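> quick one, structure for this:
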Amino acid sequence: MINTEIARLFERIADLLELSGENPFRVNSYRQGARAVEGLSEDLGVLVDENRLESVKGIGKSLAQHIREYIAEGRIPLLDQLRERVPPGLPKLLDIPGMGPKKVIKVHEELGVTDIEGLKAAIADGRLEQLAGFGKTSAKKIADGIAFLESSGTRTPLGVALPIAESLAAQVGAIAGVKRVEIAGSLRRGEETIGDVDILCEAADGERVVGAFVALPGVR
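All right, here's what the predicted structure looks like:
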């Protein structure tokens, strides 16, 4: 669905703005816009056609323009500009479990890390665990996350991975006892390519849900 796709792209813009040191209010406007778009029951394409886009709470003039650009051209120019503004390897650090924008900024500014190889070197020589806010446990988890990403093989385009994730999320949501399901990780951030599908689930009986999940068609 176009709504989910654009919500992911707004999350990605917010991440890149944060990595660029932009005003927090601007960053939050895109995160709020992502939530507003994702929560809509109507298709954004219909709202654009009927000129009702700005009537949606959380979608101002700038975000509305981005939506029109994406629907018309299949791209958001601002996103392209932001990708050129930050070191090319830096956004990929966001795919690593435990590495949100604030931590990526910290390792970049204080350790000079610009990509995954640089982060691996900082882990290997002990610099990462000595950095405030990390420590040995955090460094180990990040190292494990990198190993997992590197063992995942080829990555899948967003347009291919998103429908799969939405289908899985819908099936998980239909399992008895599930209270809430969200797509997370690189899909939520609108990465161009996806290494794996991350789904967050809230349920009263976790073991029961996991058992039902692994029994779903196509899950191994």
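> okay, which residue is most central for the protein?
The centre of the chain sits closest to residue 189, judged by CA atoms, centre = their mean, with a distance of 2.1 Å.
> from what I see, that residue and residue 16 are in contact.
No: the pair residue 189 / residue 16 is not scored as a contact, 9.2 Å apart, by CB atoms under 8 Å. No exception for glycine: its C-beta is placed from N, CA and C like everyone else's.
> distance-wise, check the residue nearest to the centre of the chain relative to residue 30.
According to CB to CB, to the nearest Å, residue 189 stands 11 Å off from residue 30.
> list the residues that are in contact with both of these two.
Counting by CB atoms under 8 Å, 6 or more residues apart in numbering, the residues touching both residue 189 and residue 30 are residue 11.
> strands of the chain, residue ranges please.
For the chain, the strands defined by DSSP state E occupy 156-157, 178-184, 193-194, 198-203.
> pick out the shakiest of the ones you listed, pLDDT-wise.
Looking at the strands of the chain, the lowest mean pLDDT belongs to strand 156-157 (a mean of 71).
> thinking again about what came up before, point out the most buried one among the strands of the chain.
strand 193-194 (a mean of 19; mean count of other CB atoms under 10 Å).
> just name whatever secondary elements that one is in contact with.
Under the contact criterion of 3 or more CB pairs under 8 Å, 6 or more residues apart in numbering; DSSP states H and E, strand 193-194 touches strand 156-157, helix 158-173.
> minimum distance to residue 90: which of those has it?
helix 158-173 (18.8 Å; CB to CB).
> so for the closest one, mean pLDDT?
Across helix 158-173, pLDDT averages out at 82.
> could you do stretch 52-63 as well?
Taken as a whole, stretch 52-63 has an average pLDDT of 91.
> got a list of contacts for that stretch?
The contact list for stretch 52-63, computed with CB under 8 Å, 6+ apart, reads 10, 29-30, 32-33, 35-37, 40, 44, 47, 64, 67-68.
> the least confident helix or strand in the chain by mean pLDDT pairs with which strands?
None of the helices or strands of the chain scores lower by mean pLDDT, DSSP states H and E than strand 156-157, at a mean of 71. Looking at strand 156-157 with DSSP bridges, its partner strands are strand 193-194 (antiparallel).
> would you map the helices across this structure?
Listed in chain order, the helices of the chain (DSSP state H) span 2-19, 24-38, 44-49, 61-73, 77-85, 101-111, 116-124, 127-130, 135-151, 158-173, 185-188, 206-214.
> now those helices in a markdown table, with distance to residue 91 and mean neighbour count?
Shown next, in a markdown table, are these (distance: least, CB to CB, whole Å; neighbours: other CB atoms under 10 Å):
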| stretch | distance to residue 91 | mean neighbour count |
| --- | --- | --- |
| helix 2-19 | 7 | 23 |
| helix 24-38 | 15 | 18 |
| helix 44-49 | 25 | 16 |
| helix 61-73 | 18 | 16 |
| helix 77-85 | 7 | 14 |
| helix 101-111 | 8 | 17 |
| helix 116-124 | 11 | 17 |
| helix 127-130 | 19 | 18 |
| helix 135-151 | 13 | 15 |
| helix 158-173 | 13 | 16 |
| helix 185-188 | 10 | 22 |
| helix 206-214 | 29 | 13 |
